[in-house]
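Chemist: fold the following for me, if possible:
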Amino acid sequence: MLERNHLPLRPAAPLFAVAWVTVIAGASVALSLLFACVTPFVALVAVSAVVLPRRMALMAVLLAWLANQTVGYLVLGYPQTFDSYAWGLAIGIAAFASLAAALGLLRLMAGPAVTMTGAFIAGFAAYEGVLFAATAVLPSGDGAFSAAVVAEVLLINSLAAIGLICLHAGAAASRALVAAQPAPALL
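Modeler: Sure thing, here's the model as predicted:
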């Protein structure tokens, strides 16, 4: 089984986990403002799953979702309707399903790049699957899961994941909040 201490993105101190949860929540706010309805939860989840202990990853996802909903309703003016609240809840459920899928991949023995890629792919499939299933009971536009929309969501999540990995690698290079790296940085 792949242990977090085998990853180049491993925590060095208890304060790292708290700092990374703060980074994830802050990134959720910034990305919610930037992308509104396409906050890259899969990127936030995949990196958290690989970098953080499980409980802290759960906390990071919860705070990211709460931050996203707060920005949506208080800043971006999401409609205050049952459908809107239900979709917000569906997004939260999808984010936690994504985390479960990403954490499941950590049991595989693989290098850090393969682990991160696998966590991202599994998380993306789970996230989109839950949201697609929600369309059976919640109103949705005809093109919500068109190839173009799913490709855009995948691109946004991919770029966000790369950005978060680079942020973490920069912290590792400067030895800020992370341990000395036993292997080359995941890039």
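Chemist: longest helix in this protein, by number of residues?
Modeler: Assignment by DSSP state H gives helix 147-173 as the longest helix of the chain.
Chemist: helices and strands around that helix, which ones?
Modeler: helix 14-35, helix 41-51, helix 112-134 (3 or more Cβ pairs under 8 Å, 6 or more residues apart in numbering; DSSP states H and E). C-beta here means a position set from N, CA and C on the backbone, and glycine is covered the same way.
Chemist: just those: most buried one?
Modeler: Burial of the helices and strands packed on helix 147-173 is given as mean neighbour count (mean count of other Cβ atoms under 10 Å); helix 41-51 ranks first at a mean of 29.
Chemist: now do that helix: which elements does it pack against?
Modeler: Going by 3+ Cβ pairs under 8 Å, 6+ apart, helix 41-51 lies up against helix 14-35, helix 54-70, helix 82-105, helix 112-134, helix 147-173.
Chemist: still on that earlier bit, between the helices and strands packed on helix 147-173, which one is nearest to Ala148?
Modeler: For Ala148, the closest of those is helix 112-134, at 13.9 Å, according to Cβ to Cβ.
Chemist: got the CA coordinates for the closest one in CSV?
Modeler: Output of helix 112-134 as CSV, limited to C-alpha atoms (Å, rounded to 0.1, in the frame of the first residue of the first chain):
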residue,chain,number,x,y,z
PRO,A,112,3.3,9.7,-7.2
ALA,A,113,2.5,10.9,-10.7
VAL,A,114,0.4,7.7,-11.4
THR,A,115,-1.3,8.1,-7.9
MET,A,116,-2.2,11.7,-8.5
THR,A,117,-3.5,11.0,-12.0
GLY,A,118,-5.5,8.0,-10.8
ALA,A,119,-6.9,10.0,-7.9
PHE,A,120,-7.9,12.7,-10.3
ILE,A,121,-9.5,10.4,-12.9
ALA,A,122,-11.4,8.4,-10.2
GLY,A,123,-12.5,11.6,-8.5
PHE,A,124,-13.7,13.1,-11.8
ALA,A,125,-15.7,10.0,-12.7
ALA,A,126,-17.3,9.9,-9.3
TYR,A,127,-18.1,13.6,-9.2
GLU,A,128,-19.6,13.7,-12.7
GLY,A,129,-21.5,10.5,-12.0
VAL,A,130,-23.2,11.8,-8.9
LEU,A,131,-24.1,15.0,-10.6
PHE,A,132,-25.4,13.1,-13.7
ALA,A,133,-27.5,10.9,-11.4
ALA,A,134,-28.9,14.0,-9.7
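Chemist: now do it against helix 41-51: the angle between them, please.
Modeler: Angle, helix 112-134 to helix 41-51, by axes from the mean of the first three to the mean of the last three Cα atoms, to 10 degrees: 140 degrees.
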